[in-house]
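J.: okay, predicted coordinates and the sequence, questions at the end:
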Amino acid sequence: TGRCSPQRRLDCGSSDTWSTGFDDATNDVAGYSCVSWDESGRAQTYAFTATSASEVTVALSGLVADLDLLVLVSGVGEACEPERCLTGGGGDRFVTFRSIPGQTYYVVVDGYRGAAGSYSIGMTCGVCGDGALDPEEQCDDGNLTSGDGCSAGCQIEGCGNGTRGQGEECGEEESHVASV
């Protein structure tokens, strides 16, 4: 088993339309630690470095061949090693994982049993202010405005935090959340 070679980048909110049949595709890896089947097709590998802790979803669409999606965690010296497979699956057209700030991940599109073909890939990441509650958020009201009960950092605003903020109806010792 060899190493994968990232040829392209993916970032939160980005997408790409490409093919494992193009000349820049590699064929150095035939198996990954998180799946048990033959991934002997040509592969495209994308690098992604997380800037924050977030739930990340990568989705494949427009497939013309049996391609699989895998996510690997970088190894020593940012190496892309198939033994460091975080998640993947046959027939899965999307994978979701929790990112760690500063960590590099490799998103691999690989062909099952020698398959190759075109695809579209996209990445979305949960962020404060998107209206979706991520694990590190206490609230997410769909904006980055403080003073409305949910701060710009997606933390609940209320009494008892040492300051009387806009919209609070109580003193420092009280512990209820301001009504919005």
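T.: Cool, got the structure.
J.: pLDDT below threshold where in this protein?
T.: Within the chain, the ranges that satisfy pLDDT under 70 run 1, 89-92, 135, 159-180.
J.: tell me the centre residue of it?
T.: Val56 (2.2 Å; Cα atoms, centre = their mean).
J.: how near is that one to Thr145?
T.: 25 Å (Cβ to Cβ, to the nearest Å). Every C-beta, even on glycine, is put in place using the N, C-alpha and C of the backbone.
J.: please apply the same query to Asp38.
T.: Taking Cβ to Cβ, one finds Asp38 at 52 Å from Thr145.
J.: circling back: report the buried residues of the helix or strand containing the residue nearest to the centre of the chain.
T.: In this assignment (DSSP states H and E), Val56 forms part of strand 54-61. Of the residues in strand 54-61, Ser54, Glu55, Val56, Val58, Ala59, Leu60 count as buried by neighbour count, 16 or more other Cβ atoms under 10 Å.
J.: ok, so of these, who is nearest Ser151?
T.: Ser54 (17.8 Å; Cβ to Cβ).
J.: specify the beta-bridge partners of the closest one.
T.: Beta-bridge partners for Ser54, by DSSP bridges, are Ser99.
J.: show me the contacts for Gln107.
T.: One correction, residue 107 is Val, not Gln. Leu10, Thr45, Tyr46, Phe48, Val58, Leu69, Leu70, Val71, Ile121, Met123 (Cβ atoms under 8 Å, 6 or more residues apart in numbering).
J.: same check, this time on Cys80
T.: Counted by Cβ under 8 Å, 6+ apart, Cys80 has contacts Arg3, Cys4, Ser5, Pro6, Thr45, Ala47, Leu72, Ser74, Tyr106.
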